[in-house]
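Novice: Okay, predicted coordinates and the sequence, questions at the end:
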Amino acid sequence: MNPFVDVQQITKQFGNITALRNVSFTVEPGQIFGLIGPDGAGKTTLFRIIATLLLPDEGKVLVKGTDVAGNYWKIREIIGYVPGRFSLYQDLTVKENLEFFASVFRSSVQQNYRLIKPIYDQLKPFEERRAGNLSGGMKQKLALCCALIHKPLLLILDEPTTGVDAVSRAEFWEILHELVKAGITILVSTSYMNEASRCDRIALLQNGNILAIGSPDEIVGKFPSQVYSITSGDNFRLIYTLNRWEKTRFAWMFGQTVHWIPKEPVDTIDHIRAFLDASGIMAVHIDEISPNMEDCFMELMTE
């Protein structure tokens, strides 16, 4: 089976800044493929190229075997695109926005309502409200409805959960998995590393370079080191002390704890505790833990 999306050696520069450098990956039909990375990694630039809004300097993108650069009208008919910033008409109502985008694609709300019904049912009580007056979560649901109203085969979502509360984020991902069951392939980007596990495959992107590609389990499974979660009464002093230790590969803040990765395997936790005690850091809690996606990203950045 040919890939649904085939990104081949994409490079894009803006002046002296290289936004993307030889980026390649494939997306199979019916997958949720996640592009994971911090702000400025190149996610938006790549999605704009795939969505026919930018031309690459080098390389090409094929969607269903069709080059997006030379067939953009054909491609636009089969993709739905939700940009990172809310871009619907804020002075139009929820209902008016939806009807407008349906008309752009020579469709109607009634024709494809079954696809958006589970999402739009949550918006229906507010369909006469102007889009600019919706909450963040409701704006994203409206944007998703407008992107789906022509029943696209490929849905491209650029950081759809940024600025959305945790409950709405969870609901949004549940919606995406239901859309896959309806036959839609999804490309989604996020800077939230914990959302990677919700994708079938991911690419970790940093400074325009792909650091790793695979399923979340594959990437985490390749983590080469031990990981320790360490807490103390002063985590800032703790991380400073650990990063000055010759046995440290890297240490970084993770919520209320510090994740410490050694250069070589540590025999016992007592060895770590003895070093911290000698450094004047007391009341330390230490656990060896399984690596997560953030640990993998930090590890790949140090290679």
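Specialist: Thanks, I have it. All values derive from a computational prediction rather than experimental measurement.
Novice: what about the helices in the stretch 101-250 of the chain?
Specialist: Along the stretch 101-250 of the chain, the segments classed as helices by DSSP state H, counting those that start in this stretch run 113-123, 136-148, 166-181, 216-221, 235-243.
Novice: got the contact list for the last one?
Specialist: Read that as helix 235-243. Residues outside helix 235-243 that contact it (Cβ atoms under 8 Å, 6 or more residues apart in numbering) are 230-232, 248, 250-253, 256-258, 260, 276, 279, 281, 284. Yep, even glycine has a C-beta here, placed from its N, CA and C like the rest.
Novice: circling back to that earlier point, out of the helices of the stretch 101-250 of the chain, which gets nearest to residue 88?
Specialist: Distances from residue 88 to each of the helices of the stretch 101-250 of the chain were compared by Cβ to Cβ, and the smallest falls on helix 136-148, at 6.0 Å.
Novice: Which of the helices of the stretch 101-250 of the chain has the highest mean neighbour count?
Specialist: helix 136-148 (a mean of 22; mean count of other Cβ atoms under 10 Å).
Novice: Now tell me what touches that one from outside.
Specialist: Defining contact as Cβ under 8 Å, 6+ apart, one finds that helix 136-148 is touched by 80-82, 86-88, 94, 97-98, 101, 112, 115-116, 119-120, 122-123, 126, 131, 134, 155, 157, 160-161, 163-165, 167-168, 171-172, 175, 179, 184.
Novice: do stretch 163-176 as well
Specialist: With Cβ under 8 Å, 6+ apart, stretch 163-176 has contacts from 32, 118-119, 136-137, 140-141, 144, 157, 160-161, 186, 188, 192, 195, 198.
Novice: one more time with 7 Å
Specialist: Under the contact criterion Cβ atoms under 7 Å, 6 or more residues apart in numbering, stretch 163-176 has outside partners 32, 119, 136, 137, 140, 160, 161, 186, 188, 198.
Novice: between the helices of the stretch 101-250 of the chain, which one is nearest to residue 44?
Specialist: Counting by Cβ to Cβ, residue 44 lies closest to helix 136-148 out of these; the figure is 15.1 Å.
Novice: what bits of the stretch 51-200 of the chain have low per-residue confidence?
Specialist: When the per-residue scores of the stretch 51-200 of the chain are filtered using pLDDT under 70, no range remains.
Novice: Specify the beta-bridge partners of residue 20.
Specialist: Counting by DSSP bridges, residue 20 is bridged to residue 12.
Novice: picking up where we left off before, out of the helices of the stretch 101-250 of the chain, which comes closest to residue 208?
Specialist: Smallest distance to residue 208 across those (Cβ to Cβ): 19.1 Å, for helix 216-221.
Novice: CA-only coordinates of that closest one, as PDB, when you get a sec.
Specialist: Only the C-alpha atoms of helix 216-221 are listed here, as PDB (Å, rounded to 0.1, in the frame of the first residue of the first chain):
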ATOM      1  CA  PRO A 216       5.500   6.300  20.900                       C
ATOM      2  CA  ASP A 217       6.400   2.800  22.300                       C
ATOM      3  CA  GLU A 218       9.200   2.300  19.800                       C
ATOM      4  CA  ILE A 219      10.800   5.700  20.600                       C
ATOM      5  CA  VAL A 220      10.500   5.300  24.400                       C
ATOM      6  CA  GLY A 221      11.700   1.700  24.100                       C
END
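Novice: returning to what we had before: now distance to residue 39 too, for the helices of the stretch 101-250 of the chain, in a markdown table please.
Specialist: A markdown table is the format used below for those (distance: least, Cβ to Cβ, whole Å):
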| stretch | distance to residue 39 |
| --- | --- |
| helix 113-123 | 27 |
| helix 136-148 | 18 |
| helix 166-181 | 17 |
| helix 216-221 | 21 |
| helix 235-243 | 22 |
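Novice: so which of these gets nearest residue 297?
Specialist: Nearest to residue 297 among the helices of the stretch 101-250 of the chain is helix 216-221; the distance by Cβ to Cβ comes to 9.1 Å.
Novice: ok, residues contacting the closest one?
Specialist: Judged by Cβ under 7 Å, 6+ apart, the contacts made with helix 216-221 from elsewhere in the structure are 196, 197, 199, 202, 212, 291, 292, 293, 296.
Novice: Tell me how far the last one lies from residue 272.
Specialist: Separation of residue 296 from residue 272 (Cβ to Cβ, to the nearest Å): 21 Å.
Novice: what about the two, which has more around it?
Specialist: With other Cβ atoms under 10 Å as the criterion, residue 296 and residue 272 differ in neighbour count, and residue 296 comes out ahead with 24 against 20.
Novice: Assess the claim that that one and residue 223 are in contact.
Specialist: Yes: with contacts counted by Cβ atoms under 7 Å, residue 296 reaches residue 223, the gap being 5.5 Å.
Novice: any shared contact partners between those two?
Specialist: Shared contacts of residue 296 and residue 223 (Cβ under 7 Å, 6+ apart): none.
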